[in-house]
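> Sequence plus the predicted model coming up.
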Amino acid sequence: MTTERMTPPLIADERAMLRAHLDFHRATLAMKCDGLSDEELRRQSMPPSTLSLLGLVRHMSEVERAWFRRVIGGEDIPLVWSDTGDFQVAYDTRAATRQEAFDAWRGEVEHARRIERAAESLDVIGHDRRRDQHVSLRMVMLHLIHEYARHNGHADLLREGVDGTVGV
């Protein structure tokens, strides 16, 4: 499967710009995984790190769920991979597959998109129970862009280590 990635607009209103940049970064992570086997996606960067491309996809499932469904949507649900709230569990990919990781990630992305589109404005406020603070949808979208950008940098190095592919 080949991932399509749209270039964000150069001129748009704030919400359209945030959506486009978030989707750009989501697609970038998926593109970094295109064409790799489950084994290649599980390949770790360097011991003792457990970082892998598949782990990043699983981690971003957690991030999408935590910020959009739990914080903005107010849902009282556990993380995808951990009932105890341990975000590190997502990085353990020993038994993980592309199918289950990407199904979970795509599902969480779709939930996030629905929540964002249903919100009256970027000023909608959610509650982050972990930090006991209120945050705006605007901040959540900016945070997700930051989170993806950071991890896409990791994904660049991981992909290069798997098969030498650079760029994208």
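Everything's here; your move. Residues are numbered from 1 along each chain as shown.
> which residues are in contact with stretch 17-32?
3-9, 12, 53, 56-57, 60, 102, 109, 116, 122, 138, 141-142, 144-145, 148-149, 151-152, 155-156, 158-159, 168 (C-beta atoms under 8 Å, 6 or more residues apart in numbering). All C-beta spots, glycine's among them, are computed from the backbone N, C-alpha and C.
> In PyMOL, how would I select just the buried ones from those residues?
Filtering the contacts of stretch 17-32 down to the buried ones (16 or more other C-beta atoms under 10 Å) takes a single PyMOL command:
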select buried, resi 8+53+56+57+60+102+109+116+122+138+141+144+145+148+151+152+155+156+158+159
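> Nearest to the spatial middle of the chain, which residue is it?
A centroid search over the chain (C-alpha atoms, centre = their mean) returns Met60, at 2.9 Å, as the residue closest to the centre.
> Which residue, other than its chain neighbours, is closest to Asp92?
Distances taken as C-beta to C-beta, 6 or more residues apart in numbering put Thr50 closest to Asp92, at 6.5 Å, once the chain neighbours are dropped.
> residue contacts, that neighbour?
So Thr50 contacts Gln44, Tyr91, Asp92, Thr93 (C-beta under 8 Å, 6+ apart).
> 7 Å instead, please
Residues near Thr50 by C-beta atoms under 7 Å, 6 or more residues apart in numbering: Gln44, Tyr91, Asp92.
> Please apply the same query to Tyr91.
Taking C-beta under 7 Å, 6+ apart, we find Tyr91 in contact with Thr50, Leu51, Gly55, His59.
> and which of those residues is nearest Gly74?
Nearest to Gly74 out of these is His59 (C-beta to C-beta; 22.5 Å).
> Where does that closest one sit, in terms of helix or strand?
Counting by DSSP states H and E, the element that carries His59 is helix 53-64.
> next helix or strand past that helix?
Using DSSP H and E, the helix or strand that directly follows helix 53-64 along the chain is helix 98-118.
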